[in-house]
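Visitor: coords please:
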Amino acid sequence: MDDREELDVVDDDDRVVFRAPRERVHREYHIHRSVMFFVFDEDGRIFVNQRAATRETYPLVWSVAFGGHVRSGEQYDDAVRREIREEVGLAAAPLLIGPYRKRTPDERENSKVYGLVADAPLALDPRELEQGEFMPLSQAVELRGRQDFLPETDDLLRILFEYTSAHAVPRGR
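Guide: The predicted structure is shown next:
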């Protein structure tokens, strides 16, 4: 994580207002862009992960997705491909699921949410993640009731349920 990384500050309609260092964007609670992605295995199970104990924000908290910031001047599709390589070490092609406006007490993001099927074993960074596993969506929901998850989890599960009710859960080729 590089606090000097430049991000585009945007309005609710995703129009760029100005550019600023990541640390300032977060400190001043500006809206900025991000990408999030679900990782599925060939059986349609979702990868659920626990953040590392050393993480600055939300240590040991669980998540149903991965993600990161869209750098200043970067396109969403380019950012998600970069984040997929960085976060899980895959080259799989992501499928756009839809937009999401993340508005939590500590961050405001205009995000695009993607899904992908793992095309190889995940390469996870132990500095980022404590643990994780593929599980049926029903098991992830059950775990949500027993463990602390990121604030946006309920929204992401709703997006995932809406998507999977209209489309098949991604499967391997």
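
Visitor: now the helices for this protein?
Guide: 22-27, 76-88, 137-144, 153-166 (DSSP state H).

Visitor: ok, now which ones touch residue 97?
Guide: 38, 113-115, 159-160, 163 (Cβ atoms under 8 Å, 6 or more residues apart in numbering). For the C-beta atoms, the positions are set from N, CA and C on the backbone; glycine is no exception.

Visitor: What is the nearest of those residues to residue 139?
Guide: Here the nearest of these to residue 139, counting by Cβ to Cβ, is residue 160; it sits at 13.4 Å.

Visitor: What is the neighbour count of residue 23?
Guide: Number of residues near residue 23 (other Cβ atoms under 10 Å) recorded here: 14.

Visitor: Could you check how far residue 20 is from residue 32?
Guide: 9 Å (Cβ to Cβ, to the nearest Å).

Visitor: Contact partners for residue 33?
Guide: Taking Cβ under 8 Å, 6+ apart as the definition, contacts of residue 33 comprise 7-8, 10, 14, 69-70, 76, 79, 109-111.

Visitor: swap the cut-off to 7 Å and go again
Guide: Each residue near residue 33 by Cβ atoms under 7 Å, 6 or more residues apart in numbering is listed here: 8, 10, 69-70, 76, 109-110.

Visitor: Most neighbours of all those residues, which one?
Guide: Busiest of the contacts of residue 33 [other Cβ under 10 Å] is residue 70, holding 26 neighbours.

Visitor: Identify the residue spatially nearest to that residue, adjacent ones excluded.
Guide: residue 33 (3.7 Å; Cβ to Cβ, 6 or more residues apart in numbering).

Visitor: List the beta-bridge partners for the one you found.
Guide: residue 110 (DSSP bridges).

Visitor: again, but for residue 21
Guide: Counting by DSSP bridges, the residues bridging with residue 21 are residue 6.

Visitor: so it makes contact with residue 8?
Guide: No: counting by Cβ atoms under 7 Å, residue 21 does not reach residue 8; the two are 11.7 Å apart.

Visitor: May I see the contacts of residue 97 organised as JSON lines, with distance to residue 27, pLDDT and neighbour count added?
Guide: JSON lines is the format used below for those (distance: Cβ to Cβ, whole Å; pLDDT from 0 to 100; neighbours: other Cβ atoms under 10 Å):
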{"residue": "38", "distance to residue 27": "29", "pLDDT": "97", "neighbour count": "27"}
{"residue": "113", "distance to residue 27": "26", "pLDDT": "97", "neighbour count": "24"}
{"residue": "114", "distance to residue 27": "28", "pLDDT": "97", "neighbour count": "25"}
{"residue": "115", "distance to residue 27": "32", "pLDDT": "95", "neighbour count": "23"}
{"residue": "159", "distance to residue 27": "28", "pLDDT": "94", "neighbour count": "21"}
{"residue": "160", "distance to residue 27": "31", "pLDDT": "91", "neighbour count": "21"}
{"residue": "163", "distance to residue 27": "34", "pLDDT": "88", "neighbour count": "18"}
